[in-house]
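# Quick one, what's the 3D model for this:
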Amino acid sequence: MSDGVDVMTNLKRKNGVNYPVLIPNLKGYHTAKKCNIEEIAIFPAGSEGFSQKNLNCSVEEGLSRFKEVADQAVKDGIRVRGYISCVVGCPYDGPINPKNIAKITEDLLTMGCYEVSLGDTIGVGTAASVRRLLHEVLHVAKPKHLALHFHDTYGQGLANLVAGLEFGITTVDSSISGLGGCPYARGASGNISTEDLVYLLYGLGVNTHIELTKLIEAGRFISNFLGKPTDSRVNRAIGDRFKDNKDIIRMAKCDS
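Residues are numbered from 1 along each chain as shown. Purely as a prediction, here's the structure:
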């Protein structure tokens, strides 16, 4: 992340688009603030093992550092979003107790986070484990203050998402072509692909106001640019078969 300042300085920002900046500590916050940021992201871990690898500190110490950052951001009028890593399982500590995640969620909301994104960083979650997690977290947070951030390592991402939607959570983190991963979670794939997510929501009758045909084009562009195949099943399946977005919606809904 050493070139973060260059990225934010040269980025051509568009109205209506958020450009949140990942902030590890107060020093990083002061550096980012010079780039006219409007939103920051703080990211404690849900396990001690991952916290040591990712932040080089305990979960408690990480939360203390992030509180300093959040306090300053709130004072400066900058929005703060919280992310929790390894909410279901950790590559070092194994399964995670949902009560621990509920406590961290509560701490982040108390700090002033407008929303907390629950991340299955290594993609080991299932619909059942996600439901167990949300049963606990929703004791301390309303659905409107939560987001779902699932990786698709074991092919469970969309199933886990549907489980989350059943609890009334409507904010989802995804990535075009399923890009992403984590250097401290060996084998972890990227996030749920945005193309697959939108197709799923079409089928559920949710109007996203997103044109899947354009998403597919964007996915192809970035995949070709990076020289890697897309991880979006929808992108691979649809290809050039449809030019009209309405045809894709009808197919997703199985409408004649």
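# Could you confirm Asn160 falls within a helix?
Yes - counting by DSSP: H, G, I helix; E, B strand; the rest coil, Asn160 falls inside a helix.
# Let me know how buried it is, in neighbour terms.
Counted by other C-beta atoms under 10 Å, the residues lying close to Asn160 total 26. (Each C-beta comes from the backbone N, C-alpha and C, glycine too.)
# Make residue 1 into 634 and carry on from there
Understood, numbering begins at 634; the last thing we discussed is Asn793.
# That one against Thr759, yeah?
Yes - Asn793 is within contact range of Thr759, at 6.9 Å (criterion: C-beta atoms under 8 Å).
# where along this structure do the helices fall?
Taking DSSP state H to define them, one finds helices in the chain at 637-643, 659-666, 681-688, 692-708, 731-744, 760-770, 790-798, 827-836, 845-859, 866-871, 878-886.
# possible to save the ones you listed as a markdown table with distance to Cys723 and mean pLDDT?
Rendered in a markdown table, the data for those read as follows (distance: least, C-beta to C-beta, whole Å; pLDDT from 0 to 100):
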| stretch | distance to Cys723 | mean pLDDT |
| --- | --- | --- |
| helix 637-643 | 26 | 85 |
| helix 659-666 | 24 | 93 |
| helix 681-688 | 5 | 94 |
| helix 692-708 | 11 | 97 |
| helix 731-744 | 11 | 98 |
| helix 760-770 | 13 | 98 |
| helix 790-798 | 17 | 97 |
| helix 827-836 | 25 | 95 |
| helix 845-859 | 28 | 94 |
| helix 866-871 | 27 | 91 |
| helix 878-886 | 35 | 80 |
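# between these, which gets nearest to Ser807?
Evaluated with C-beta to C-beta, the helices of the chain place helix 827-836 nearest to Ser807, the distance being 4.3 Å.
# got the buried residues for that closest one?
Judged by neighbour count (16 or more other C-beta atoms under 10 Å), helix 827-836 contains these buried residues: Thr827, Glu828, Asp829, Leu830, Val831, Tyr832, Leu833, Leu834, Tyr835.
# Please parse this protein into its domains.
For the chain, automatic domain parsing gives the domain ranges 637-825, 827-889.
# Could you say which of the ones you listed is packed most deeply?
Mean neighbour count (mean count of other C-beta atoms under 10 Å) peaks for domain 637-825 among the domains of the chain, with a mean of 18.
# what about that one, distance to the chain center?
Computed by C-alpha atoms, centre = their mean, to the nearest Å, the chain-centroid distance of domain 637-825 equals 6 Å.
# For Ile849, which non-adjacent residue is spatially closest?
Asn868 (5.2 Å; C-beta to C-beta, 6 or more residues apart in numbering).
# who's in contact with stretch 640-649?
Stretch 640-649 has contacts (C-beta atoms under 8 Å, 6 or more residues apart in numbering) with Tyr652, Val654, Ala665, Cys668, Ile670.
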